[in-house]
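Participant: next comes the sequence, and after it the predicted model I'd like to discuss.
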Amino acid sequence: MITEKTIGTFLVSSGMDETQWPELSGTELQYGDHTWELTGTVDVENTGRVLAVEAKQVDDVRQPKAALRFALDDDAPSLNPGNLGSHFDSLEQAGGTQYLVVKKAARTYRYELHGFEYK
């Protein structure tokens, strides 16, 4: 059974698939006046439109953990959660916006960072 609830502007679904992208582990990015270090653990929402990337806040002595929430534009095609593999390509910044780029065979997906949720 899949349950859903709205948190902020995100619809959070219990139908998430967890995967490990080791090439993300240790990568740092700036967001929300903080520095985040990614762990490599990625939860993919059941439609593939939202990626929740686990991270720790390294500019705080307590190093709180959070899920950084990356999402696709409404009309963009998404990853197939049943065939994830490890296809992380890069993190990009355009203006003040962070993107997580995933490449598979003939397609590139650009997930935009929309927020985070402390764990």
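Facilitator: Nice, thanks for sending it over. These numbers come from a predicted model, not from an experiment. Residues are numbered from 1 along each chain as shown.

Participant: which residue sits closest to residue 72, ignoring its sequence neighbours?
Facilitator: Spatial nearest neighbour of residue 72, chain neighbours left out: residue 49 (5.0 Å); criterion: CB to CB, 6 or more residues apart in numbering. Every C-beta, even on glycine, is put in place using the N, C-alpha and C of the backbone.

Participant: what is the burial count for the one you found?
Facilitator: 20 (other CB atoms under 10 Å).

Participant: repeat that for the one 5 residues further on.
Facilitator: Number of residues near residue 54 (other CB under 10 Å) recorded here: 20.

Participant: let's number from 45 now, not from 1
Facilitator: In the new numbering, first residue 45, that becomes residue 98.

Participant: just the strands from this structure, written as ranges.
Facilitator: Shown for the chain, the strands assigned by DSSP state E span residues 48-51, 54-57, 60-64, 72-75, 78-89, 94-101, 109-115, 132-138, 141-148, 151-162.

Participant: tell me the most buried of those?
Facilitator: Most buried of the strands of the chain by mean neighbour count (mean count of other CB atoms under 10 Å) is strand 94-101; its value is a mean of 22.

Participant: quick check: mean pLDDT of that strand?
Facilitator: On average, the pLDDT along strand 94-101 is 96.

Participant: what about the nearest residue to residue 141 once chain neighbours are set aside, distance to residue 136?
Facilitator: Nearest residue to residue 141 in three dimensions, chain neighbours excluded: residue 156, at 6.0 Å (CB to CB, 6+ apart). The spacing between residue 156 and residue 136, counted by CB to CB, to the nearest Å, is 10 Å.

Participant: list residues touching both of these two?
Facilitator: By the contact definition CB atoms under 8 Å, 6 or more residues apart in numbering, residue 156 and residue 136 are jointly contacted by 142, 143.
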